[in-house]
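>>> below are the sequence and a predicted model; questions follow.
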Amino acid sequence: MTQTIRKVKLSDVSSDQHLSYEGANCTYPAEKVSEMIRNDGDLALLDWQICTPTTWSPNADHMIKCYIEQEREEMYEDWDVEVEGKITKEDIAQLQSVLDRMFGKNQYWKFSGPEVIIDSLD
């Protein structure tokens with residue numbers, strides 16, 4: 001099954017929507033991209049794509065479940081059930097508190113599509 005790549009014209013993108021391209025170290029508002037391309041036409045050759053701000057933060061419950069799943073094969077039968085039965089909501093809350101202090105919340109930009117077609121730069 002062929003997946004169609006969504007595309008949108010730069011002139012149809014909201015001026016405050018952020019764009020970037022593979023390998024860039026930042027994002028730019030669409031209005032700034034238009035300005036940059038008017039000043040340097042080579043930038044129109046890049047594969048611009050819409051980006052969305054995303055927040056990452058660790059999840060203690062998920063981390064513990066993944067760890068148990070990873071170790072399960074090396075341990076004795078029903079080890080995972082036994083261990084999971086020992087974990088309390090309070091334990092997870094304490095771990096989450098430590099992880100939040102260590103990592104906090106990290107915002108990054110994620111390519112969310114669609115690809116942006118560079119059209120009129122009026």
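Everything's here; your move. Note that the structure is predicted; figures quoted are calculated from it, not measured. Residues are numbered from 1 along each chain as shown.
>>> residue ranges for the strands of the protein, please.
7-9, 18-20, 28-29, 49-56, 106-117 (DSSP state E).
>>> name the strands paired with the first one and say parallel or antiparallel.
The reference is to strand 7-9. Strand 7-9 has the following sheet partners, assigned by DSSP bridges: strand 106-117 (parallel).
>>> quick one: the strand it pairs with to chain centroid distance?
Centre-to-centre, strand 106-117 and its host chain are 8 Å apart (Cα atoms, centre = their mean, to the nearest Å).
>>> ok, back up a step: now render the strands of the chain as CSV, adding mean pLDDT.
Listed next are the strands of the chain as CSV, based on pLDDT from 0 to 100:
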stretch, mean pLDDT
strand 7-9, 90
strand 18-20, 95
strand 28-29, 94
strand 49-56, 92
strand 106-117, 87
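>>> need the winner for burial among these.
Across these, averaging neighbours per residue (mean count of other Cβ atoms under 10 Å) puts strand 18-20 on top, at a mean of 21. No exception for glycine: its C-beta is placed from N, CA and C like everyone else's.
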